[in-house]
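Asks: missing the sequence, but the structure's below:
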C-alpha cells in the first residue's frame with residue numbers, strides 16, 4: 001500500500017512539473033518576477049542612499065551601501081571583505097581626487113578598511129555582557145577627549 005502511494009505521489013509531482021515547465025508564460029513570469037524583485041530592491045537601496053546624502057545623515061550614501069553589502073554577503077565572508085575594501089578604496093580615492101592628497105584621507109581609508117578584520121571575526125554569538133561598563137566608558141572617554149583637545 002505504501003509503495004503504491006509513493007508511486008502515485010511521484011507521478012503527480014512529475015506531471016505537475018511537466019505542465020509548469022511546458023508553459024512558457026509561467027516560466028517567463030517566474031524569471032521576470034525574480035529579477036523584478038532584485039531590481040526593485042537595488043532601486044530602493046539607491047533611493048535610501050540618495051535621501052541619506054541629501055539629509056546629510058552620518059555616513060550618508062556610503063553608510064547605506066555598506067549595510068547593503070554586509071546584508072548581501074552575510075553568508076560569504078570573502079566576498080564581504082573584498083567588496084568592503086573595494087568600497088573603502090573607492091570612497092577615499094574619490095575624496096583624494098576631489099580635495100587633493102592628504103595623509104588624513106589615506107589614514108582614514110586604511111583604518112576603515114582594517115575594521116573588516118574585526119567584523120569578519122564575528123562568529124554570530126553574543127560576547128561577554130559588559131553593558132554597564134560601556135555605559136560608563138563612553139561618556140568618560142568623551143570627557144577625556146574634550147579636556148585633552
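Replies: Yes, it's here. Quantities reported herein were computed from a predicted structural model and do not represent experimental measurements.
Asks: can you give me the strands in this structure?
Replies: Counting by DSSP state E, the chain has no strands at all.
Asks: how does it divide into domains?
Replies: Here the domain parsing of the chain from automatic domain parsing is 1-72, 76-149.
Asks: can I get these in CSV with mean neighbour count and mean pLDDT?
Replies: No exception for glycine: its C-beta is placed from N, CA and C like everyone else's. Formatted as CSV, the domains of the chain follow (neighbours: other Cβ atoms under 10 Å; pLDDT from 0 to 100):
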stretch, mean neighbour count, mean pLDDT
domain 1-72, 12, 68
domain 76-149, 11, 89
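Asks: quick one: the helices in this protein, in order.
Replies: 2-22, 24-54, 60-72, 77-99, 103-120, 131-148 (DSSP state H).
Asks: how distant is the fourth one from the center of its chain?
Replies: The reference is to helix 77-99. Remark: helix 77-99 is offset 14 Å from the chain centroid, using Cα atoms, centre = their mean, to the nearest Å.
Asks: the inter-axis angle of that helix versus helix 60-72?
Replies: Orientation of helix 77-99 against helix 60-72 (axes from the mean of the first three to the mean of the last three Cα atoms, to 10 degrees) gives an angle of 170 degrees.
Asks: what's near enough to touch the closest residue in space to residue 81 that isn't next to it in sequence?
Replies: Excluding the flanking residues, the one nearest residue 81 by Cβ to Cβ, 6 or more residues apart in numbering is residue 116, at 5.3 Å. For residue 116, the contact set (Cβ atoms under 8 Å, 6 or more residues apart in numbering) comprises 80-81, 84-85.
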